[in-house]
Structures are given as C-alpha cells and as structure tokens.
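Visitor: Sequence plus predicted model, see below.
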Amino acid sequence: MDVLLPSGIAAALMVNLMVSGYLVAIYFYHEREQAFLSWSLACGCFVAGSLLLLCQHWFNISLNMPGYTLLVFSSYLLLRGVTQSSAEKDTHRWILAYLPIFALTALILALAVFIGISIGAVASLMMALFFVITERMLAKQQDSFVAVVLLLRILMVAHALVMTLQGLSYLLVSSPTIATAGVGQLALFSHLLLTVATALILPMFHAIREKRKWIRLANTDVLTATLTRRGFFDLAAKQLTLPASQPCTLLMIDIDHFKPINDQHGHATGDLVLQQVAKRIQSGVRKSDLVGRLGGEEFGVLMPQTDKREANAIANRLLQQIASSKFMGEKQQISVTVSIGAITGVASRSGLEGLLREADKALYQAKSRGRNMLQFAES
Ligand SMILES: Nc1nc2c(ncn2[C@@H]2O[C@H](COP(=O)(O)OP(=O)(O)OP(=O)(O)O)[C@@H](O)[C@H]2O)c(=O)[nH]1
C-alpha cells in the first residue's frame, strides 16, 4: 500500500497537470471562455492541494488547512465551470466570484479543526457535496440526454460516493489502517477516472451547447423574439412529418395599414407595435405552436393537432384581443388590427409550401374584404 499510494498520487498529479494545460489551451482557443479556465484551475488546485498535503509529511509541518482548502476548492471550480458553460453570459469577474467560496471553505475547515473533527473527513464530505450539486446541474440541463453527459453524471455520482466513503472512514477510524489506505486508493483511482473523463467530455459538452445556442440565435428574430423565417420553415417542416391522420392549421397574420403607423409615428413606434403584437400572438397560442415572423409585419403560426373548429376559435380570439388592445408607441398609444388567412390540412399530406400558398391567398381575401377579419382557405 505504502508503495502504491505515492506512485498513484504521482500519476494523478501528472494527469491533472496535463489536463489543466489542455483545458487552459482550449480556454485561449475559445476566446477566453470562462468555463475552461475554471476547469483548468480545478485541476491546478487539485495538484497544488495534493502537493501541500504530501509536503507536510516530508518537511514535518502542518499544511492540512491550505492543502484541503485547495482540494475542496478544486471540486467547487468544476461545478462553477458547469454553471458558466450553461449560462448565456457569465457576468461575474471570476476572481471576485471565487474568493468568497474560497474563504468560506477555509473557514469551515478551520472550524472543523477548532472543534476537533477530522479536517480530511470534512473536506471529503464537502467535495462529495460539490460533486452531487454538479451532477444535479448537469441533470437540469436540456442536453442531459446526450450520452456523454450521462456518463459524466454517473462518474460524478460515483466520485461523490467514494468521497463520502473516504469522509466517513476518516470520521470513524482514528488512526490510518489498511482499510483507510484502501479507501484512499479508491478515491485516487476514482479521481483519475473523473479527471480524464471530464477532460474528454467537457469540451464536447460545451461544443454541443454552443452549437445549439448559435442555432437558437440564428432562428430567433431580434426584434420580436419569434422565429425567423428560416427557423419557422425548418421547425414547421419537422412538425409536418407527424402521423398522417393529425390535422394541423397554419395562420398567416398581417398587421393592417402598418405603413401609415411608420409614416405618422416613426419607425421606432412601428418597431414597438411589432414587438407587442408578436407578444400578443405568442401568448394567444399554445407553447407547442410555432410562431415566426415571415416578413416585415407578417407572422406565421403553425398549430399542430388543431382542427378547423379549434383554429377558428383561436384566430377569432386573437383578432378580438389585438383590436381591443392599446399598444404603446414612443409617445402615444396606438390601436391596430390584423387580418388572418388560415388553412387546416392533414399534417403529413400538406407540404409547408402548399399550406403557405393557400393561407396567403386566404389572407389576401381577408385584406380585400375589409381587413380585421379571419378568412379560411378552402381545404
Ligand atoms: N417599423 C418597422 N416597419 C417595418 C419593418 N418591416 C417592415 N416594415 C414596414 O411595414 C410596412 C408594410 O407596409 P405594406 O406592405 O404596404 O402594408 P400595410 O401598410 O400594412 O397595408 P396592408 O398590409 O395592406 O394592410 C412598410 O412600410 C415597411 O417599411 C420593421 O421591422 N419595423
């Protein structure tokens, strides 16, 4: 055991140093994405903490406090990297955000020493807690179904269990035994596995998230936060591959006499009205319906599993809600109406192009019949 543990530690330290360098390289390559710096620092802190704990045996001085503080802090940094990677934008300057946790960790460990509890036990249990929280953070994310993330979550849970076991063994066994040394080796092996898997998986996990974020941004209209024309077409085409018997309805909604609003009140007021009408449309349909801005003041709504009767009720309610609302312009309140062209078809049989053509014709009829009305296309 005595021979195995130091060589195991040496291997763990070297792997951690290499992974730390690898992650810091990715940090610079990814335009200083904070998550990679946190993960790199996590490995660095693990190495520094372990070295301090080893040094105290060689130089016969107590370095338990800084050593264990760094080890606990390294597991916090892993968690921090996961939250940074899932946030749209990390607003904290990292050094300021990290300091309180570092100080708190040191304080808790000092308290443990003060009341005579094993510092190794408290540190191990705190690390287990951070691994559990990290696993929970990963589970909450939309991408949790990705196999690689699932593997990472399993490793987090396994490592949390090993750290808990180590913490309990420190608590229950007062002097080192073969059993505690065995748990120590298990913890080291588990840590190595986690570090290597983390180094392999986290960049991939981050790349998947980034790709999804960019796709979402590319598909979202900046002004109205509805889908862009392209996003609407992409998602609608997917929706229309539903089972053959499912009815679906497409609405084309166009604001009436929008040009005079721009001309009289200015483009900024026109933009405000567009935003508010878009919000009204979104809140008037189900979350599962697709709402997109197909042109300047024209919106498309695809409602899966919606027959003509239901669509009629929804569209008429939208007409009535918009006509009775006052929309805030730059200086005054504005009233607008919309015209709606609609078509109900059978999902898999109706191509999107065909539905759009028919709904557009119906919209044209609604406009020419006087506006502020709903017109269904003959299906
Ligand atoms: N403020 C603002 N105006 C826009 C935007 N996109 C398009 N428009 C304006 O929307 C107006 C559309 O005018 P038209 O197509 O003539 O239609 P309309 O005046 O609404 O008349 P009808 O549709 O026939 O009732 C044009 O003046 C465009 O400049 C935008 O993003 N913001």
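Guide: In hand now; what should we look at? Fair warning: this is a prediction, and the values are worked out from it, not measured in the lab.
Visitor: where's residue 61, which helix or strand?
Guide: Using DSSP states H and E, residue 61 falls within no helix or strand.
Visitor: now residue 248
Guide: strand 247-255.
Visitor: That strand and the ligand in contact?
Guide: Yes: part of strand 247-255 sits near the ligand under the criterion C-beta under 6 Å from any ligand atom, namely 254, 255. C-beta: built from backbone N, CA, C; applies to glycine.
Visitor: next one: stretch 343-362
Guide: No: using C-beta under 6 Å from any ligand atom, stretch 343-362 stays clear of the ligand, coming no nearer than 12.2 Å.
Visitor: returning to that earlier point: name every strand pairing with the strand holding residue 248 and say which way it goes.
Guide: Its sheet considered, strand 247-255 pairs with strand 298-304 (antiparallel), strand 338-346 (antiparallel) by DSSP bridges.
Visitor: Adding mean pLDDT and distance to residue 118 as columns, could you present these in CSV?
Guide: Formatted as CSV, these follow (pLDDT from 0 to 100; distance: least, C-beta to C-beta, whole Å):
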stretch, mean pLDDT, distance to residue 118
strand 298-304, 95, 59
strand 338-346, 93, 69
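Visitor: got a pLDDT number for the most centrally placed residue in the chain?
Guide: Among the residues of the chain, the one closest to the centroid is residue 86, at 4.3 Å (C-alpha atoms, centre = their mean). Per-residue confidence at residue 86 stands at 72 (pLDDT).
Visitor: and if you look at residue 4?
Guide: 49.
Visitor: Which elements pack onto the strand or helix carrying residue 197?
Guide: Element membership for residue 197 (DSSP H and E) is helix 178-218. Contacts defined by 3 or more C-beta pairs under 8 Å, 6 or more residues apart in numbering; DSSP states H and E place helix 178-218 against helix 4-29, helix 34-59, helix 64-86, helix 147-172.
Visitor: Can you say which of those helices is packed in most?
Guide: Mean neighbours per residue, mean count of other C-beta atoms under 10 Å, is largest over the helices and strands packed on helix 178-218 for helix 64-86, with a mean of 23.
Visitor: Toward the C-terminus, what is the element adjacent to that one?
Guide: Defined by DSSP H and E, the subsequent element after helix 64-86 is helix 94-115.
Visitor: can you list the residues that contact the helix or strand following that following helix?
Guide: Counting by DSSP H and E, the next helix or strand C-terminal to helix 94-115 is helix 119-140. Applying C-beta atoms under 8 Å, 6 or more residues apart in numbering, the contact partners of helix 119-140 are 64-65, 68-69, 71-72, 75-76, 78-79, 82-83, 86, 105, 108-109, 112-113, 144, 149, 152-153, 156-157, 159-161, 163-164, 166-168, 170-171, 187.
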